[in-house]
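J.: With the sequence up front, the predicted model follows.
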Amino acid sequence: INHSFLKNIHSSLMFNTTLHAKGFSGIYKTIPNMIIGTDTKVAQPFEVEPKLDELFEWYYSLENVTLDDIAEFHYRFELIHPFQDGNGRIGRFLMLKQMLENDLPIVIVSWDTEDLYRNSLKLCSIGNYSPLSSYLKTLTDFREDYKEFWN
């Protein structure tokens, strides 16, 4: 995960959307934004790259990545909120990528637990990622739910 990867994924996932039509896909935000429905303070546009650099450096310094680490990465990524829109989608994609890369259970935030996911994020704070981590641990491994398709 690096700047180029994030921008390419964002560009791909936002292709053919209003965001794409406005020229905002695949680039970091240029206008301050927010997480809709919260009063959470997110990074300003000029803070995005240095804060992402700090996040990448922390993540790649980990010896063994755990689900707790992925929860922390996700929360910190969402606080940076690097793109004009689509940050939640990108963040959840990154969690999936990290789980696959680290041979962890594949847990997916689905529509039926989305409210629990959003509430767990609201309960987190810098240094306390346990609400999100606990939520993720309640989800069953996708491979178990669909094991007939994996063999």
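T.: Arrived safely.
J.: Next up, the contacts around the spatially most central residue of the chain.
T.: The centre of the chain sits closest to residue 91, judged by Cα atoms, centre = their mean, with a distance of 1.8 Å. Residue 91 makes contact with 74, 77-78, according to Cβ atoms under 8 Å, 6 or more residues apart in numbering. Where you see a C-beta, it was placed from the backbone N, CA and C, and this is true even at glycine.
J.: Sort out which of these are in helices and list them.
T.: 74, 77-78 (DSSP state H).
J.: Next, format the residues you listed as a markdown table and append pLDDT and neighbour count.
T.: Conversion of these to a markdown table gives the following (pLDDT from 0 to 100; neighbours: other Cβ atoms under 10 Å):
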| residue | pLDDT | neighbour count |
| --- | --- | --- |
| 74 | 95 | 24 |
| 77 | 97 | 22 |
| 78 | 94 | 20 |
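J.: Give me the below-cutoff pLDDT ranges for the protein.
T.: In the predicted model, the chain carries pLDDT under 70 at residues 150-151.
J.: who does the helix or strand encompassing residue 136 touch, helix- and strand-wise?
T.: With elements delineated by DSSP states H and E, residue 136 resides in helix 130-138, which encompasses its position. Secondary-structure packing of helix 130-138 (3 or more Cβ pairs under 8 Å, 6 or more residues apart in numbering; DSSP states H and E): helix 67-80, helix 114-123.
J.: can I get those in a markdown table with distance to residue 38?
T.: Formatted as a markdown table, those follow (distance: least, Cβ to Cβ, whole Å):
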| stretch | distance to residue 38 |
| --- | --- |
| helix 67-80 | 10 |
| helix 114-123 | 6 |
